[in-house]
Structures are given as C-alpha cells and as structure tokens.
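J.: Sequence first, then the predicted structure:
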Amino acid sequence: EVQLVESGGGLVQPGGSLRLSCAASGFTFSSIRMSWVRQAPGKGLEWLSDINSGGVNTTYADSAKGRFTISRDNAKNTLYLQMNSLKPEDTAVYYCASRRDGAMDYWGKGTLVTVSS
C-alpha cells in the first residue's frame, strides 16, 4: 500500500523557517519524481516544487523560488521542503505527492503550516 505521510508543520512567526518531511512507503521511492503542493484556506491547490528521482533536478513555482528548497533522501525514503523567510500568505496545508507519467497520483494527508505573529 502506498503511503505518504507529511510532518513538520506548525505555527511559526513571519520570517521564520520550517522543514517539512514526507515519509514514503509502499513503492520504490528512489525511482519516482516527487512534488510539494499546498492549499491555502479558501483557495485552490498550488504546485510548489518538483524533484526528480535522483534528487539532482528541481523546479519551483515563482512563489517558492529563492525561499523554499526541495530535497530528498532516497536511503530514508523521505522528501523534504525547507521553507525560509515565511510570510503569512504561506499559511496553508502542505501536501507531498508522487508523480508518474507527469501526473500526481498519490498524495499524503497534508501538514498545516500557520505563519502568524
């Protein structure tokens, strides 16, 4: 059974940092491209970043570029999102997802990030 479990969310002040993790199981993690997506309260899904299976190639949405860093540890079957210089508008539920043939096919349940003073 494929499982993606996010963790690391919480309450952080503006300008602060958080590192999100996504623990993967039930598939060959090291062979699969992975993504981070978020959903702010009352808004739709927003893609943030992708990383290829080997962890070498990454892409970012403009909203994430320069502040967020995606990475992965294939030995630990874990995906990460380092978020710096957080803003109130980064408040959202953050999801990790696996990608096959370009589509996001499995999703975690998400972790809530709240940026507030």
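T.: It's in. Numbers count the residues shown, from 1 in each chain.
J.: Distance check, the spatially most central residue of the chain against residue 117.
T.: Centroid check for the chain by C-alpha atoms, centre = their mean gives residue 36 as the closest residue, at 3.2 Å. Residue 36 is 25 Å from residue 117, where distance means C-beta to C-beta, to the nearest Å. Heads up, the C-betas are built off the backbone N, CA and C, glycines and all.
J.: Repeat that for residue 74.
T.: The value you get for residue 74 to residue 117, if C-beta to C-beta is used, is 37 Å.
J.: Same drill for the two, tell me which one is more crowded.
T.: Using other C-beta atoms under 10 Å, the more surrounded residue of residue 74 and residue 117 is residue 74, with 16 against 8.
J.: Output stretch 14-31 as CSV, restricted to C-alpha atoms.
T.: Output of stretch 14-31 as CSV, limited to C-alpha atoms (Å, rounded to 0.1, in the frame of the first residue of the first chain):
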residue,chain,number,x,y,z
PRO,A,14,6.8,35.7,9.9
GLY,A,15,10.4,35.5,8.8
GLY,A,16,10.8,32.1,10.4
SER,A,17,11.7,28.7,8.9
LEU,A,18,10.3,25.3,8.9
ARG,A,19,11.3,22.0,7.4
LEU,A,20,8.6,19.7,6.2
SER,A,21,9.2,16.0,5.7
CYS,A,22,7.3,13.4,3.7
ALA,A,23,7.9,9.7,4.6
ALA,A,24,7.1,7.4,1.7
SER,A,25,6.4,3.7,1.8
GLY,A,26,4.8,1.0,-0.4
PHE,A,27,6.7,1.9,-3.6
THR,A,28,10.2,2.3,-4.9
PHE,A,29,10.7,5.9,-3.7
SER,A,30,14.1,6.3,-5.4
SER,A,31,12.5,5.7,-8.8
